[in-house]
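# Below are the sequence and a predicted model for it; my questions follow.
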Amino acid sequence: MIQKTAILFFARTANAEAIAKNWSQSSRKNTAIANLLFDQALSTIHYTGIPNVQINESLQTGNNFNEKISNALSQFFQLGFQNAIVVGSDCVELSASDIISAYNKIENDQNTVGPSKDGGSYLFTISKMQFDSKEFKDLSWCTSNLNYELTCFLTNRSRQEVSILETKLDLDQDIKKVKADLIGIKSTLSFILVNLLFLKFFLFSYTGPTISIEKEPDIYRRGPPAILAA
C-alpha cells in the first residue's frame with residue numbers, strides 16, 4: 001500500500017542549476033555552489049526517512065516555471081500520493097525538522113509554508129484535494145509576492161490556518177547580495193557552507209560528487225532515491 005504523504009524534490013540537477021543561476025561570474029564557482037546546495041538538500045531529505053520523489057529537468061514539462069511546477073505536482077499525485085511536501089535545492093537553511101514538522105501537520109490536514117527572505121517559499125505542503133492546476137499555475141511564481149499568494153491559496157483551499165515556518169534564505173541571486181544573510185546563519189551545516197562560499201580555496205574546483213537521479217519509468221522512490229555519483 002502506497003504511503004499517504006511524500007516529499008516532492010522539485011529541483012534541477014546540480015549541473016543544470018549551475019548554468020541557470022547567476023550566483024557569480026565564475027562558472028567554476030557556480031558549479032561548486034550548485035553541488036553543495038544539491039548535496040545538502042538531498043542529505044536533508046534522506047535524513048527524514050520520508051518517501052520522496054525527485055522531478056528534475058529531465059522529467060519536468062512546460063514552457064515556464066509556473067507550468068513546470070504545476071505539471072510536476074500533477075505527476076506526483078498520479079503516483080497515488082495524497083499529500084505533497086514540496087522543497088527545492090536552493091535553501092541553505094532547510095532542515096530535517098522543517099520537513100518533519102510539515103509532514104506531521106499535513107498528515108493531520110494542516111498545510112505548512114516556509115517563507116524565504118526574498119518573498120518566495122522554500123517549502124510548502126498541499127493535498128491532492130486542494131490542488132487545482134489552473135489556479136496553482138496562475139500564482140506569481142518566482143516573484144516577491146509568491147509566499148503571500150501561496151499562503152492565501154492554501155488557506156482558501158483548506159479553509160483553515162496555514163502553519164508558518166521560520167523565514168529563511170533562498171540562495172537564488174548574486175552571492176555578494178546575500179553575503180550578510182549567509183554570515184548570520186547559525187546552524188553548523190550552513191556555517192560550513194558559508195565558509196566554503198567565501199574562503200579563498202573556494203576559487204579552486206569542487207571535488208565532491210555530482211549527484212543525479214536514475215531516470216526510471218516509475219519516478220516514485222520509497223526512502224532515499226537511487227543515486228549515481230559521477
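Arrived safely.

# Pro115 is in what secondary structure piece?
Using DSSP states H and E, the element containing Pro115 is strand 112-115.

# Using CSV, write down the CA coordinates of that strand.
Coordinates of each C-alpha in strand 112-115 appear next as CSV, following Å, rounded to 0.1, in the frame of the first residue of the first chain:
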residue,chain,number,x,y,z
THR,A,112,2.7,24.4,6.1
VAL,A,113,4.6,27.2,4.2
GLY,A,114,8.2,28.1,4.7
PRO,A,115,8.7,31.8,3.7
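
# looking just at contacts, which helices and strands does the lengthiest helix in the chain meet?
Longest helix of the chain, by residue count under DSSP state H: helix 27-48. The elements that helix 27-48 packs onto, with contact taken as 3 or more CB pairs under 8 Å, 6 or more residues apart in numbering; DSSP states H and E, are strand 5-10, helix 14-20, helix 96-106, helix 188-198, strand 211-213. Using the backbone N, CA and C atoms, a C-beta is placed for each residue, glycine as well.

# Geometric centre of this protein: which residue is closest?
When CA atoms, centre = their mean is applied to the chain, the residue found nearest the centroid is Gly88 (1.2 Å).

# Now it: closest residue in space, sequence neighbours ignored.
Closest residue to Gly88 apart from its sequence neighbours, by CB to CB, 6 or more residues apart in numbering: Ala11 at 4.8 Å.

# Does that neighbour touch Lys21 like I think?
No: no contact is recorded between Ala11 and Lys21 when judged using CB atoms under 8 Å, the distance being 11.6 Å.

# ok, of the helices and strands packed on helix 27-48, where does mean pLDDT dip lowest?
Lowest mean pLDDT of these: strand 211-213, a mean of 31.

# Check the offset of the longest helix of the chain from the chain's centre.
If you compare the mean C-alpha spot of helix 27-48 with that of the full chain, they lie 11 Å apart, counting by CA atoms, centre = their mean, to the nearest Å.

# Phi and psi next, for the residue nearest to the centre of the chain.
Main-chain dihedrals, Gly88, degrees, to the nearest 10: phi -120, psi -160.

# Who does the strand holding Pro115 pair with, and is each partner parallel or antiparallel?
According to DSSP bridges, strand 112-115 has the following sheet partners: strand 121-127 (antiparallel), strand 163-164 (parallel).

# Tell me the gap between it and the middle of its chain.
12 Å.

# go on, stretch 126-135?
In this view, stretch 126-135 has its centroid 18 Å away from the chain centroid, taken as CA atoms, centre = their mean.

# Look at Ala11 and Lys21 and report which has more neighbours.
In terms of neighbours (other CB atoms under 10 Å), Ala11 is the more surrounded of Ala11 and Lys21; the figures are 23 against 19.

# And the pLDDT for that one?
93.

# Check Gly114 too.
Reported pLDDT at Gly114 in the predicted model: 97.

# Counting neighbours, what do you get for it?
By the other CB under 10 Å criterion, the neighbourhood of Gly114 contains 28 residues.

# Quick check: beta-bridge partners of it?
Leu123.

# Verify the stated contact: it with Phe124.
Yes: taking contact to mean CB under 8 Å, the distance of 6.9 Å between Gly114 and Phe124 places them in contact.
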